[in-house]
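Visitor: what's the 3D shape of this:
(4 chains)
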There are 2 protein chains.
Amino acid sequence: MTVPDGRSFIEEGSPAHDFFVVTGGRVKIFTLLPDGRRQITGFAEGGDFLGLAASKSYAFGAEALGTAVLCRFPHASMQRLTARFPNLEHRLRQEASRELSLLQARMTLLGRKTARERLATFLMERIRLLGAACQETPHQIELDLPMPRTDIADYLGLTIETVSRVLSAFKREGLISIRNITHITIMQFERISAIAEGLE
Amino acid sequence: MTVPDGRSFIEEGSPAHDFFVVTGGRVKIFTLLPDGRRQITGFAEGGDFLGLAASKSYAFGAEALGTAVLCRFPHASMQRLTARFPNLEHRLRQEASRELSLLQARMTLLGRKTARERLATFLMERIRLLGAACQETPHQIELDLPMPRTDIADYLGLTIETVSRVLSAFKREGLISIRNITHITIMQFERISAIAEGLE
DNA sequence: CGCGAGCTTGAAACGGATCAATGACAGTGG
DNA sequence: CCACTGTCATTGATCCGTTTCAAGCTCGCG
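Guide: All right, here's what the predicted structure looks like:
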């Protein structure tokens, strides 16, 4: 299943028939308030599961961020699979547990962190996502942010303007440098990490 | 296992050896920032599971709210149980999914709702917790809030003062009446529900 | 009766939101 | 190749909701 940029493929509240696995590209997951306020609850990419937070109906909407490729598993066939491979059930629970831990951290971010701390945490998340590749280079990490500022704002519970201002401030302070909209270089990993933890 | 009021029995970040089920009383679950800021990520009571958001170490702390009674299952014995009763694994995943849905809604609350909306949502949550008993009485619902204001504040990402002020405002507007600190009566269910959804 | 923890209320400060203008590109068509 | 256009990002000025700081208040309990 290939989903073009910006196309929504899960409607919040619609009956949950399928389970998805993201195999290529990226996807954003969000919930909406009636007046249009949006909270992005996560970004999913290659290998991520989608649809664990669903019983009868989806508790979230989902939309492609760039062109995305998905595998769709109707619930019926998932049940057949878990019956055949009992380990899968365990795997799914593990995945759900991992999600739960992440969401708890994100609740602390949304409920208790300042705008600076949120952005710093966001950058740290993106760095961690790069994997071990960056562990050897403590400074000067290249980062690209595939999502527009609007999505970053809705992910962090801020407005575009605040996101933009804080990133500019980080640049002014020499913590990062901004080549262009999507490409950022981390100049002072340690300090950003400290800000993320609320130590500065 | 009986835990006295205020006693912490899970330390955030400590190695996760056990899985818990709350059998009596109440428990609060939270994460901390180094400088002491706290986000309560949930309250658990009779029948709730505790410890799904844990892999190697706990992603949260937990503390009794009033005297609580728990069943402790070391991970090893959980594995024995899931091996013997394969359905249990499915049950656990279900529970994790339910949690995930709840947390997504709470992220929208923390990231996008105003103080009034947060309190209204909180009241709706407590009402829903009463079960079907209140469905027949659309108005005048008795509610008791077993947790102190500090906990409500840390749960909603607000300060005590704001919680207090908003509740007072609700009272002034005739939406609720406050007998004493822990006992509240819902006077206008519909309007509170509307505020919770962000429609007012 | 008096003490203290927890709650409420008031005044002032502040961080982030909102409103508004400008800037940087990428894509289009002349 | 270069205006033109529209989208997205940045920057500035102001506003507002929530926090912070500082008193009072309530009420259970010794």
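
Visitor: now the farthest one out in chain A, which residue is it?
Guide: Residue farthest from the centre of chain A, counting by C-alpha atoms, centre = their mean, is A:R84 at 31.5 Å.

Visitor: Okay, that residue and B:R91: tell me how far apart.
Guide: Using C-beta to C-beta, to the nearest Å, A:R84 is found at 19 Å from B:R91. Heads up, the C-betas are built off the backbone N, CA and C, glycines and all.

Visitor: got it, and A:K28?
Guide: 30 Å.

Visitor: who's more crowded, those two?
Guide: Shown here are A:K28 and B:R91; by other C-beta atoms under 10 Å in any protein chain shown, A:K28 has more neighbours (23 against 14).

Visitor: What are the phi and psi values at that one?
Guide: Per-residue torsions, A:K28: phi -110, psi 140 (degrees, to the nearest 10).

Visitor: In terms of pLDDT, where does the residue farthest from the centre of chain A sit?
Guide: pLDDT recorded at A:R84 is 91.

Visitor: and A:D35, which of the three is it?
Guide: Classification of A:D35 by DSSP: H, G, I helix; E, B strand; the rest coil places it in coil.

Visitor: For it, the count of nearby residues, please.
Guide: A:D35: 9 neighbours (other C-beta under 10 Å).

Visitor: repeat for A:D18
Guide: For A:D18, the tally of surrounding residues (other C-beta under 10 Å) stands at 21.

Visitor: Would you confirm that it contacts A:P74?
Guide: Yes. Here A:D18 reaches A:P74: they are 5.4 Å apart, a contact under C-beta atoms under 8 Å.

Visitor: Render the CA-only coordinates of stretch A:104-111 in PDB, please.
Guide: Provided in PDB are the C-alpha atoms of stretch A:104-111 (Å, rounded to 0.1, in the frame of the first residue of the first chain):
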ATOM      1  CA  GLN A 104       4.900   8.600  29.500                       C
ATOM      2  CA  ALA A 105       8.100  10.600  28.700                       C
ATOM      3  CA  ARG A 106       6.100  12.700  26.200                       C
ATOM      4  CA  MET A 107       3.500  13.400  28.800                       C
ATOM      5  CA  THR A 108       6.100  14.900  31.000                       C
ATOM      6  CA  LEU A 109       7.300  17.000  28.100                       C
ATOM      7  CA  LEU A 110       3.800  18.300  27.300                       C
ATOM      8  CA  GLY A 111       2.700  18.800  30.900                       C
END
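
Visitor: That one near DNA strand D anywhere?
Guide: No. Stretch A:104-111 lies apart from DNA strand D when judged by C-beta under 7 Å from any atom of the strand; the minimum separation is 8.6 Å.

Visitor: can you pull the contacts of the closest residue to A:T31 other than its chain neighbours?
Guide: Setting aside the residues directly before and after it, A:T31 is nearest to B:T108 in space (C-beta to C-beta, 6 or more residues apart in numbering or on different chains), at 4.7 Å. With contacts defined as C-beta atoms under 8 Å, 6 or more residues apart in numbering or on different chains, B:T108 is in contact with A:T31, A:L33, A:R37, A:Q39, A:T41.

Visitor: Try it again at 7 Å.
Guide: By C-beta atoms under 7 Å, 6 or more residues apart in numbering or on different chains, the residues touching B:T108 are A:T31, A:L33, A:Q39.

Visitor: host element of it?
Guide: helix B:86-112 (DSSP states H and E).

Visitor: Give me the secondary structure label for A:D5.
Guide: coil.

Visitor: ok so, going back, format the contacts of B:T108 as JSON lines; extra columns: neighbour count.
Guide: Converted to JSON lines, the contacts of B:T108 look like this (neighbours: other C-beta atoms under 10 Å in any protein chain shown):
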{"residue": "A:T31", "neighbour count": "24"}
{"residue": "A:L33", "neighbour count": "16"}
{"residue": "A:Q39", "neighbour count": "25"}
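
Visitor: Strands of chain A, start to end?
Guide: A:2-3, A:8-10, A:18-32, A:38-45, A:49-50, A:61-74, A:141-144, A:176-180, A:183-186 (DSSP state E).

Visitor: do you know which of the ones you listed lies nearest DNA strand D?
Guide: strand A:176-180 (5.8 Å; C-beta to the nearest atom of the strand).

Visitor: what residues does that closest one touch?
Guide: A:L167, A:F170, A:K171, A:I184, A:T185, A:I186, A:M187.

Visitor: Neighbours of the closest residue to the fifth one other than its chain neighbours, how many?
Guide: Distances taken as C-beta to C-beta, 6+ apart put A:S177 closest to A:T185, at 4.7 Å, once the chain neighbours are dropped. With neighbours defined by other C-beta under 10 Å, the count for A:S177 comes to 13.

Visitor: picking up where we left off before, from the contacts of strand A:176-180, which is closest to B:L103?
Guide: Relative to B:L103, the closest of the contacts of strand A:176-180 is A:L167; by C-beta to C-beta it sits at 27.5 Å.

Visitor: what's the spacing between the closest one and A:I184?
Guide: 8 Å.

Visitor: so what's the residue nearest the centre of chain A scoring on pLDDT?
Guide: Nearest residue to the geometric centre of chain A (C-alpha atoms, centre = their mean): A:F43, 2.7 Å. pLDDT for A:F43: 97.

Visitor: domains for chain A, by residue range?
Guide: Residue ranges for the domains of chain A, per automatic domain parsing: A:2-110, A:113-197.

Visitor: Measure how far stretch A:143-159 is from the centre of its chain, please.
Guide: Chain-centre distance of stretch A:143-159: 10 Å, with C-alpha atoms, centre = their mean, to the nearest Å.

Visitor: Pull out the buried positions in it.
Guide: A:L143, A:L145, A:M147, A:R149, A:D151, A:I152, A:A153, A:D154, A:Y155, A:L156, A:G157, A:L158 (16 or more other C-beta atoms under 10 Å in any protein chain shown).

Visitor: I figured the last one hits A:R116, correct?
Guide: No. In terms of C-beta atoms under 7 Å, A:L158 does not count as a neighbour of A:R116; the distance is 10.5 Å.

Visitor: With DNA strand C as the reference, measure out to A:Q39.
Guide: 12 Å (C-beta to the nearest atom of the strand, to the nearest Å).

Visitor: Who does that residue form a beta bridge with?
Guide: With DSSP bridges as the criterion, A:Q39 is bridged to A:T31.
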